[in-house]
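**Q** Here's my sequence, what's the structure:
(one chain, ligands or ions: 2)
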Amino acid sequence: MKITLDSPLDMHLHLREDEMLRNVAPFSAKDFSGAMIMPNLVPPIDNLKRLLQYKADIYDATKGEIFKPYLTAFLKNYTREELLTFKDEIIAIKLYPAGATTNSDGGVEDLSHAADTLKLMEELGIPLSVHGENPKSHVLEREKDFLPTYEQIAKDYPKLKIIMEHITCVDAVKLLDKYDNLYATLTVQHLLITFDDIAGGLLNPHLFCKPIAKTFEDRDALRKLAFSAHPKVMFGSDSAPHPKSSKEGATSAAGCFTTPIALPCLVELFEKFDALDNLQAFISDNAKKIYGINPPEKKVTLEKKSFIVPEIYGDVVPTFAGEEVTWSVVSE
Ligand code: DOR
Ligand code: ZN
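**A** Ligands and ions are numbered 1, 2, ... in the order given. The predicted structure is shown next:
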């Protein structure tokens with residue numbers, strides 16, 4: 001049995017820089033037609049020169065593949081002149097509450113400081129992508145506690161497209177339809193696991209990411225959105241590679257490297273719940289409409305053939321290393 005996806009898109013991806021970029025980018029370029037690339041680097045992506053250099057580095061790391069990187073800039077207080085210099089190079093601007101996740105210390109402390117920029121983004125038609133967690137709350141409540149902020153932005157900037165990235169809780173699912181200008185991405189790990197898989201038995205650092213996976217009720221609400229290919233919902237892996245040494249130690253960095261397993265696991269899951277007919281919308285068509293993009297034409301075929309997830313790629317341990325997935329991507 002085979003299934004062919006038309007121009008699959010990953011609308012939330014961390015590619016990093018330098019050696020890590022060269023190690024992980026080819027996996028995205030093999031399985032996806034394009035991806036939205038996150039800007040939380042050090043220093044962050046926040047000016048034209050850096051955007052152009054980063055774009056060139058990504059093309060360099062993905063040479064020979066059909067793969068379009070859709071870049072984002074890190075939200076700070078930009079002037080109109082600054083925004084106009086790089087507006088055409090980005091698909092969105094990403095809001096990180098200061099301290100919410102990896103390399104977000106330079107993020108926004110107080111949203112009122114970014115009010116002028118948000119107004120400009122609304123006027124210029126630049127979507128706002130958001131890591132929606134309140135870093136001061138309890139780790140399991142951080143997304144829920146951020147929801148009033150989503151509501152405030154949605155109300156204050158009714159023409160601004162706001163993407164609630166990697167939502168993980170039932171309350172975020174409920175909020176999605178309350179405002180026309182709210183959209184969401186879902187990761188593969190949050191469709192598959194709960195907090196139990198991370199910490200219910202032996203601690204599994206390779207499933208640790210932010211926002212952290214939550215309860216069965218939360219996971220089921222996310223699954224419902226994905227399986228119905230809700231038109232305001234897109235796939236965004238949040239694949240976030242860290243070297244093995246940063247994941248396996250006394251402390252563990254947040255982030256799951258899911259790129260190599262993303263499509264096989266999604267097909268397996270959608271098949272299990274008899275939702276394969278809606279996978280194309282979830283993996284590409286919805287994102288095309290929401291962002292108004294036209295990614296390069298690329299067919300990616302998967303077959304029902306077992307795939308044993310490798311233990312390591314370079315120095316990065318993938319999610320579900322050593323486990324079996326029942327579908328694999330057919331290499332050309
Ligand atoms: O777990 C995460 N890791 N969540 C994010 O939002 C960022 C990411 C990273 O950059 O490592
Ligand atoms: Zn992310």
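
**Q** mind checking the SS state of the residue in the stretch 1-150 of the chain that ligand 1 sits nearest to?
**A** Using CB to the nearest ligand atom, T102 is the residue of the stretch 1-150 of the chain that sits closest to ligand 1, at 3.4 Å. Quick note: C-beta positions are derived from backbone N, CA and C, even for glycine. Classification of T102 by DSSP: H, G, I helix; E, B strand; the rest coil places it in coil.

**Q** Surely it touches A253?
**A** Yes. Taking CB atoms under 8 Å as the definition, T102 is a contact partner of A253 at 6.5 Å.

**Q** Overlap in contacts, the two.
**A** H242 (CB atoms under 8 Å, 6 or more residues apart in numbering).

**Q** Compare neighbour counts for these two and give me the winner.
**A** The residue with more neighbours, out of T102 and A253, is T102; 21 against 18, by other CB atoms under 10 Å.

**Q** Now do the contacts for the more buried one.
**A** By CB under 8 Å, 6+ apart, T102 lies in contact with 14, 40, 210, 240, 242, 253-255.

**Q** Let's see if you can find the most crowded of the residues you listed.
**A** Most neighbours among the contacts of T102, by other CB under 10 Å: A240, with 26 neighbours.

**Q** wait, what's in contact with the closest residue to that one other than its chain neighbours?
**A** Excluding the flanking residues, the one nearest A240 by CB to CB, 6 or more residues apart in numbering is G255, at 2.9 Å. Contacts for G255 (CB under 8 Å, 6+ apart) come out as 14, 102, 208-210, 238, 240-242, 247.

**Q** what would the contacts of T102 look like in TSV with secondary structure?
**A** Formatted as TSV, the contacts of T102 follow (three-state DSSP):
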residue	secondary structure
H14	coil
N40	coil
K210	coil
A240	coil
H242	coil
A253	coil
A254	coil
G255	coil
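
**Q** can I get the residues you listed in TSV with distance to E324 and pLDDT?
**A** Listed next are the contacts of T102 as TSV, based on distance: CB to CB, whole Å; pLDDT from 0 to 100:
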residue	distance to E324	pLDDT
H14	26	98
N40	33	96
K210	28	98
A240	23	98
H242	24	98
A253	26	98
A254	26	98
G255	23	98
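
**Q** I'd like those residues as a markdown table, with distance to ligand 1 appended.
**A** Shown next, in a markdown table, are the contacts of T102 (distance: CB to the nearest ligand atom, whole Å):
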| residue | distance to ligand 1 |
| --- | --- |
| H14 | 5 |
| N40 | 5 |
| K210 | 4 |
| A240 | 3 |
| H242 | 6 |
| A253 | 6 |
| A254 | 3 |
| G255 | 3 |
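
**Q** From ligand 1, how far off is I308?
**A** According to CB to the nearest ligand atom, to the nearest Å, I308 stands 25 Å off from ligand 1.

**Q** Can you list phi and psi of that residue for me?
**A** Here is the backbone geometry of I308 (degrees, to the nearest 10): phi -90, psi 120.

**Q** Please work out how many residues are found near it.
**A** Neighbour count for I308, taken as other CB under 10 Å: 12.

**Q** In contact with it, which residues?
**A** I308 makes contacts with 322-324, as judged by CB under 8 Å, 6+ apart.

**Q** and if you look at T4?
**A** Counting by CB under 8 Å, 6+ apart, T4 touches 299-302.

**Q** What of S7?
**A** Neighbours of S7 in contact, by CB under 8 Å, 6+ apart: 33-34, 284, 288, 295-299.

**Q** Among those, which lie within helices?
**A** K288 (DSSP state H).

**Q** Show me which of the contacts of S7 is closest to E109.
**A** Nearest to E109 out of the contacts of S7 is G34 (CB to CB; 32.5 Å).

**Q** Which strand residues bridge the closest one?
**A** Assessed by DSSP bridges, G34 has beta-bridge partners L9, K68.

**Q** I'd guessed it sits against L9; true?
**A** Yes. With contacts counted by CB under 8 Å, G34 reaches L9, the gap being 5.3 Å.

**Q** Show me the common contact partners of the two, please.
**A** Taking CB under 8 Å, 6+ apart as the contact rule, G34 and L9 both touch P295.

**Q** what about P264, how many neighbours?
**A** Using other CB under 10 Å, the number of residues around P264 comes to 23.

**Q** Contact partners for it?
**A** Contact analysis of P264 by CB under 8 Å, 6+ apart lists 302, 307, 325-329.

**Q** Report the buried members of the residues you listed.
**A** Buried residues within the contacts of P264, counting neighbours by 16 or more other CB atoms under 10 Å: 302, 307, 325, 327-329.

**Q** Return the closest of these with respect to ligand 1.
**A** Nearest to ligand 1, judged by CB to the nearest ligand atom, of these is V325 at 21.4 Å.

**Q** My read is that that closest one contacts I261, right?
**A** Yes. The pair V325 and I261 qualifies as a contact (CB under 8 Å) at a distance of 6.2 Å.

**Q** I am finished for the moment; much appreciated.
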